[in-house]
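**Q** quick one, structure for this:
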Amino acid sequence: MRRILALAGYRVALGLPRSGDMVGVWGQSPTAWRGERVAARTGAPLLRVEDAFLRSLFPARARGEAPLGLLLDTRGVHFDGRAPSDLEHLLATHPLDDTALLDRAREGIARLREAHLTKYAAVDPDLAPPAPGYVLVLDQTRGDASVRAAGAGRARFREMLARAAEEHPGARILIRTHPETSGGHRPGHFGPEDAGGRVSLVAGPHSPWRLLEGAVGVYTVSSQMGFEAILAGHRPRVFGQPFYAGWGLTADEEAPARRGRRLTRAQLVAAALILHPTWYDPCRDRLASFEEALDTLEAEARAWREDRRGWVASGMRLWKRAPLQRFAGRHRGLVFEDRPARAAARATREDRRRMVWASAARPDDDAVRVEDGFLRSRGLGAELVPPLSLVFDDLGIYYDPQRESRLERLIAASADLRPGQRARAEALARFLAETRVTKYNLPGARPELPPGRRLLVPGQVEDDASIRLGAGAVATNRALLEAARAANPDAILLYKPHPDVEAGLRPGALPEREALRHADAVLARADPAALLDAVDEVWTMTSLLGFEALLRGVPVTTLGAPFYAGWGLTRDLGPVPARRRARVDLAGLLHAALIAYPRYHDPVTGRPCPPELAAERLARGALPRRGIATRTLAKLQGRFAGYAHLWR
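**A** The predicted structure is shown next:
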């Protein structure tokens with residue numbers, strides 16, 4: 001909190017205010033009166049500080065997490081309608097008519113709903129809510145400042161429950177318990193004694209958005225979920241004076257009379273989530289935009305939802321275990337068990353999920369398959385450099401076209417991107433192209449290339465799973481060069497060996513004299529990003545370099561069935577699965593492959609992070625050095641390349 005205030009221009013110190021100082025207090029907390037009294041005696045202005053409306057995974061009382069943003073108010077406090085606040089002033093006086101601003105607000109609403117983000121985002125969208133058709137009554141914690149400001153207590157909450165029953169005769173009534181009450185931190189206004197008949201309580205990590213989908217009415221005193229109800233299309237009945245009441249979007253019992261303006265949902269969001277809060281980026285340690293705060297919370301929430309039960313991990317080489325524990329073990333941790341039967345039994349016994357390194361998975365294994373992502377590291381995985389991104393696929397794995405993968409589904413669904421999703425994918429692609437970020441980001445030469453129509457032919461590791469499972473009749477580097485030359489007799493063929501092969505860590509080396517029978521040049525240890533800037537086309541079996549070429553606008557011909565083939569973006573000469581019928585554009589492919597599919601880990605802060613942050617780290621950030629044991633093992637590998645199966 002001190003850091004956010006400092007970045008916002010406030011010097012935080014103890015003691016009495018001097019000339020020009022403000023007095024800061026936490027909202028209307030039980031100790032705020034002390035600062036209020038000091039401000040009144042000294043004439044210093046008062047600054048009230050509160051959490052922003054997207055805070056963290058858990059309430060502060062549960063885990064002590066720092067907030068992602070603050071509301072800094074010089075007039076009052078947003079939840080107390082008895083006096084104006086800075087947020088109310090914005091809602092009442094700001095034009096809120098800028099098209100770009102309102103487009104951002106609409107995209108923000110869509111992202112909140114799609115990612116199930118809320119103030120405390122540790123919610124499980126897969127947790128099934130009750131059957132739809134209920135009236136949703138929102139409980140709050142007893143003695144909460146927003147409840148006190150409305151003059152409400154248990155009697156007011158019981159009145160609200162009675163009104164809900166009266167206005168919806170015969171309907172089921174669902175009381176949603178506040179997360180702090182569910183966690184045992186603060187009591188609410190309703191308990192088990194209030195359930196019975198057509199009234200029931202729902203606790204646990206249900207997504208507010210799922211609960212709102214099934215509701216036929218929403219009743220609240222001043223809960224933030226009432227704000228979310230508006231965004232979900234409801235017109236909630238409000239029995240207090242929260243910031244969202246009185247603007248024509250709620251059915252109010254006693255909204256402040258001074259709030260006479262009529263607003264749209266987008267205008268409400270523009271003020272409450274974009275203009276008013278001070279957002280913070282904990283990975284970059286700077287102030288952030290609303291969208292960057294969404295990116296951060298979305299990454300944190302996804303990691304919690306996938307990792308919260310813990311994992312039993314199989315097929316993980318010893319060197320991978322510590323990085324994987326840091327990546328996916330923040331909440332309940334990973335335990336390692338390679339024998340499938342024992343792994344399955346332990347997962348059942350301890351209520352854990354199962355993961356397996358994709359290349360070690362049996363065809364009938366229903367564990368989640370794990371593999372490196374497409375923005376991996378600054379250095380080779382075969383040299384034991386830990387990844388910044390991993391994919392967790394519950395259907396198959398992206399390089400195996402013989403069965404559907406989660407990535408395939410995401411690509412097919414990307415045919416209908418929202419404008420905001422498209423803009424994000426295109427911005428990420430521009431950054432990667434401008435900064436020359438690729439999967440491994442190895443230093444490389446930028447050789448002089450012969451003039452003419454240049455075709456880049458990337459070599460691959462010939463025993464790689466993507467070749468075994470995804471290549472067609474052309475399954476070796478020699479055959480790839482032969483096919484490229486036969487189809488392009490007058491082109492300049494440039495052969496680039498795979499970096500793992502060049503390092504002597506994986507099989508697939510093609511002697512230079514053999515390569516030059518078909519290629520015009522062999523580009524040893526060349527910079528792939530520089531080559532993509534200088535060639536006219538890429539011919540490949542299944543190499544990720546084909547995807548990186550598409551990202552940079554270079555035409556690609558495939559002779560196998562990589563994940564990016566079959567969608568109308570490549571010329572496909574290989575056995576592409578018939579199920580890939582959707583036609584997608586480049587932005588859709590990029591959004592699926594770089595944003596929606598992988599998870600990213602910031603090696604600097606140790607937090608889950610969005611792809612943009614990972615790309616920045618790879619482009620120019622300082623990355624932690626590997627330990628001496630890992631560096632030594634990587635050097636020994638080079639001496640024993642014939643035993644590569646031990647460390648892959």
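
**Q** ok, residue 306 - how many residues close by?
**A** 18 (other C-beta atoms under 10 Å). For every residue, glycine as well, the C-beta is placed using N, CA and C.

**Q** and the gap between it and residue 406?
**A** Remark: distance between residue 306 and residue 406 (C-beta to C-beta, to the nearest Å) = 12 Å.

**Q** cool, and residue 480?
**A** 28 Å.

**Q** go on, residue 276?
**A** Residue 276 sits 37 Å away from residue 406, going by C-beta to C-beta.

**Q** of those two, who's got more company?
**A** Taking neighbours as other C-beta under 10 Å, residue 276 and residue 406 compare with residue 276 leading, 24 against 20.

**Q** can you tell me the SS state at residue 409?
**A** Three-state call for residue 409 (DSSP: H, G, I helix; E, B strand; the rest coil): helix.

**Q** contacts only, for it.
**A** Residues in contact with residue 409 (C-beta atoms under 8 Å, 6 or more residues apart in numbering) are residue 395.

**Q** would you map out the domains in this structure?
**A** For the chain, the structural domains run 125-261, 411-620, going by the TED database.

**Q** TSV for those domains, including mean neighbour count?
**A** Formatted as TSV, the domains of the chain follow (neighbours: other C-beta atoms under 10 Å):
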stretch	mean neighbour count
domain 125-261	19
domain 411-620	19
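
**Q** put together CSV for these, with mean pLDDT and distance to residue 48 on each row.
**A** Output for the domains of the chain, formatted as CSV (pLDDT from 0 to 100; distance: least, C-beta to C-beta, whole Å):
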stretch, mean pLDDT, distance to residue 48
domain 125-261, 95, 11
domain 411-620, 93, 29
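
**Q** dump those domains into a markdown table; add distance to residue 28 as well.
**A** Formatted as a markdown table, the domains of the chain follow (distance: least, C-beta to C-beta, whole Å):
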| stretch | distance to residue 28 |
| --- | --- |
| domain 125-261 | 4 |
| domain 411-620 | 31 |
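
**Q** residue 352: which of those domains is closest?
**A** Among these, domain 125-261 comes nearest to residue 352, with 15.9 Å by C-beta to C-beta.

**Q** how about the domains of the chain, which one is nearest residue 313?
**A** Residue 313 lies closest, by C-beta to C-beta, to one member of those: domain 411-620, at 14.9 Å.

**Q** show the end-to-end separation of that closest one, please.
**A** Domain 411-620 has an end-to-end distance of 29 Å (C-alpha to C-alpha, to the nearest Å).

**Q** quick one: it to chain centroid distance?
**A** Centroid displacement of domain 411-620 relative to its chain, using C-alpha atoms, centre = their mean, to the nearest Å, is 24 Å.

**Q** from residue 117, how far off is the residue nearest to the spatial centre of the chain?
**A** With distances taken as C-alpha atoms, centre = their mean, residue 299 lies nearest the centre of the chain, 3.1 Å away. Going from residue 299 to residue 117 by C-beta to C-beta gives 11 Å.

**Q** repeat for residue 516
**A** Taking C-beta to C-beta, one finds residue 516 at 55 Å from residue 117.

**Q** what segments of the stretch 301-450 of the chain are strands?
**A** Secondary structure of the stretch 301-450 of the chain (DSSP state E, counting those that start in this stretch): strands at 311-314, 334-336, 353-357, 368-372, 389-393.

**Q** just the ones you listed: most buried one?
**A** Most buried of those by mean neighbour count (mean count of other C-beta atoms under 10 Å) is strand 311-314; its value is a mean of 26.

**Q** please name the strands paired to it in the sheet, noting orientation.
**A** Here strand 311-314 is paired, per DSSP bridges, with strand 334-336 (parallel), strand 353-357 (parallel).

**Q** distance between it and the chain's centre?
**A** Put simply, strand 311-314 sits 22 Å off its chain's centre (C-alpha atoms, centre = their mean).

**Q** C-alpha coordinates for stretch 476-485, CSV please?
**A** Coordinates of each C-alpha in stretch 476-485 appear next as CSV, following Å, rounded to 0.1, in the frame of the first residue of the first chain:
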residue,chain,number,x,y,z
THR,A,476,13.5,-36.1,-41.9
ASN,A,477,15.4,-32.9,-42.5
ARG,A,478,16.9,-34.4,-45.7
ALA,A,479,13.5,-35.3,-47.0
LEU,A,480,12.2,-31.8,-46.2
LEU,A,481,15.1,-30.2,-48.1
GLU,A,482,14.4,-32.5,-51.1
ALA,A,483,10.7,-31.6,-51.1
ALA,A,484,11.4,-27.9,-50.9
ARG,A,485,13.9,-28.0,-53.7
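
**Q** please, which helix or strand holds residue 83?
**A** If you go by DSSP states H and E, residue 83 is not part of any helix or strand.

**Q** I meant to write residue 538 there.
**A** Using DSSP H and E, residue 538 maps to strand 537-540.

**Q** show me what that strand is packed up against.
**A** Identification of packing neighbours for strand 537-540 by 3 or more C-beta pairs under 8 Å, 6 or more residues apart in numbering; DSSP states H and E yields strand 454-458, helix 477-487, helix 544-551, strand 556-558.

**Q** that one - which strands sit beside it in the sheet, and in what orientation?
**A** strand 454-458 (parallel), strand 556-558 (parallel).

**Q** in a markdown table: those strands, plus distance to residue 1.
**A** Formatted as a markdown table, the strands paired with strand 537-540 follow (distance: least, C-beta to C-beta, whole Å):
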| stretch | distance to residue 1 |
| --- | --- |
| strand 454-458 | 49 |
| strand 556-558 | 49 |
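
**Q** and those: which comes nearest residue 357?
**A** Nearest of the strands paired with strand 537-540 to residue 357, taken as C-beta to C-beta: strand 454-458 at 23.9 Å.

**Q** was I right about residue 399 contacting residue 466?
**A** Yes. Residue 399 is in contact with residue 466 according to C-beta atoms under 8 Å; the separation is 3.8 Å.

**Q** overlap in contacts, the two.
**A** Contacts common to residue 399 and residue 466, judged by C-beta under 8 Å, 6+ apart, are 542, 562.

**Q** using CSV, write out every CA atom in stretch 556-576.
**A** Only the C-alpha atoms of stretch 556-576 are listed here, as CSV (Å, rounded to 0.1, in the frame of the first residue of the first chain):
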residue,chain,number,x,y,z
VAL,A,556,4.3,-20.7,-44.6
THR,A,557,4.1,-24.1,-46.3
THR,A,558,3.7,-27.1,-44.1
LEU,A,559,4.4,-30.7,-44.9
GLY,A,560,3.2,-32.0,-41.6
ALA,A,561,0.4,-31.0,-39.3
PRO,A,562,1.6,-28.5,-36.8
PHE,A,563,-1.0,-26.8,-34.6
TYR,A,564,-1.1,-23.7,-36.8
ALA,A,565,-1.9,-25.7,-40.0
GLY,A,566,-5.4,-26.3,-41.4
TRP,A,567,-7.0,-23.0,-40.4
GLY,A,568,-6.6,-21.2,-43.7
LEU,A,569,-3.4,-19.4,-42.8
THR,A,570,-0.8,-21.7,-44.3
ARG,A,571,-0.4,-23.7,-47.5
ASP,A,572,-0.8,-27.3,-46.3
LEU,A,573,0.8,-30.2,-48.1
GLY,A,574,0.7,-32.6,-45.1
PRO,A,575,-2.0,-34.7,-43.4
VAL,A,576,-4.0,-31.9,-41.6
